[in-house]
Every structure is written in structure tokens, then in C-alpha cells.
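J.: Mind folding the following:
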Amino acid sequence: VGIGWRSSLKEIINKENVDFIEIMSDDYFNPIYDEYILELSKKFTIIPHSVELSIASAKGLDNKYVSDLKRLVNRINPPWFSDHLCFTYSEKIKTYNLNQIPTYKDCYDITKKNILDLKKKINYPFLLENIAYYSRPKSYTLSDEELINKIVLETDSGILLDLANLFGNSKNLGIEPLDFIK
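T.: Model (predicted):
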């Protein structure tokens, strides 16, 4: 069990009450945080979790972003790193939102290619987080469970199950949480 890192928690949490802390990768790309991350890693197992990797983007991966992420992951030496199963940009626009990926074969193929490319560049286990969203077009061809299972099995990735996202999807989309987990 882990917790999202906030500096205000430093007096409350320790290795005895959490197994790891999760940091937002994007916040620590700048080398000015190197010393801070080093000190934090002496106290905790750190898991970097990104929000702007955009693993499902048809545009492909942003090489600068991946380079920054690789530098951070190598610095921390975590047991894994993660991001959301979504896209945050397209060819012409950055959305500033975790957008669900359409469950069509071409979107799946793009996501699979991006994950395999990422794994060639960053040699650590990679986990995908389920995202929350408000609606689901009827034209989607796979359920969320089928999509996630297919992607993680074919890319040898893991799942980061966000229970708050699952709860939101259960309310917004009528997904049965236990069925999703099974």
C-alpha cells in the first residue's frame, strides 16, 4: 500500500506505515530536484507516476518527455513506474486532461506500439492506471476490462488499480467494481 507524496506528510508517514510513496514524475524532471529526490529515496521506496506521457497518443511518444522520465526513473531505481491508460495530446492540441482511449483496434494498436517503444527506452516494469471518465460511446468494441487485459498481457505491463477511478466509473458508467477487478 502506498500514498501520494506531499511534503506536508513528511512528519506523519514513514517506512513503518507505508510500503512506498508515489511522486508525480512530471514535477521532478528538473535537475534542481535531484538532491531532494536522493534524500527522499533514503527514507522511502519511491514510485514515479506520470500524467503527461500520453501513452495512447496517435502522435506517438514525446522523445523529450521520455528522456526526462528515463532520467528520473534511473535516478530513483524504483520497482516500477506508471502512467494512466489515456492520451493527453494529439497531433495539434494538448488537452490537459486524461482522455480515455477509444476501444477500437487502431487505437489499441497505437497504444501497444507506444508501450513497447517506451519499454525499449526505459528498462523497468511499467504499470498502467485505469482512468475515470464520464461517458462511454456505444460504438466502442471492447469493454474496459477487455482492453486493459489485452494491453497488459500483450505488452508485459502491469496494472495500477486506482480505486477512486473505479468507483467513479461505477457511478458514471454503471461498471460493477468487483466484476471489473475479476
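J.: and the helix ranked longest in the chain, average pLDDT?
T.: Taking residue count as the measure and DSSP state H as the definition, the longest helix of the chain comes out as helix 105-121. Mean pLDDT, helix 105-121: 93.
J.: Now the element after it, going C-ward?
T.: On the C-terminal side of helix 105-121, the nearest following helix or strand under DSSP states H and E is strand 126-129.
J.: That next one pairs with which strands?
T.: Strand 126-129 sits in its sheet next to strand 81-84 (parallel), strand 158-160 (parallel), going by DSSP bridges.
J.: quick one: strands adjacent to the helix or strand that the longest one is followed by?
T.: Spelled out, it's strand 81-84. Toward the C-terminal end, the helix or strand that comes next after strand 81-84 (DSSP H and E) is strand 87-89. Partner strands and pairing direction for strand 87-89 (DSSP bridges) are strand 94-99 (antiparallel).
J.: quick one: buried residues of the partner strand?
T.: Burial within strand 94-99, assessed by neighbour count using 16 or more other CB atoms under 10 Å, is assigned to 98-99. To be clear about C-beta, it is placed using only N, CA and C from the backbone, and glycine gets the same treatment.
J.: Now it - C-alpha only, PDB.
T.: Backbone C-alpha positions of strand 94-99 (Å, rounded to 0.1, in the frame of the first residue of the first chain) are rendered in PDB as follows:
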ATOM      1  CA  LYS A  94      -2.600  19.400 -25.800                       C
ATOM      2  CA  THR A  95      -5.800  18.600 -23.900                       C
ATOM      3  CA  TYR A  96      -4.600  19.000 -20.300                       C
ATOM      4  CA  ASN A  97      -6.900  16.100 -19.500                       C
ATOM      5  CA  LEU A  98      -6.600  12.300 -19.000                       C
ATOM      6  CA  ASN A  99      -8.700  11.300 -22.000                       C
END
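J.: can you offset everything so residue one is 798?
T.: OK, 798 is where the count begins now, so the last one is strand 891-896.
J.: could you give the mean pLDDT of it?
T.: On average, the pLDDT along strand 891-896 is 86.
J.: would you list every one of the helices in this protein?
T.: Secondary structure of the chain, counting by DSSP H: helices at 831-840, 860-873, 902-918, 941-952, 960-970, 974-978.
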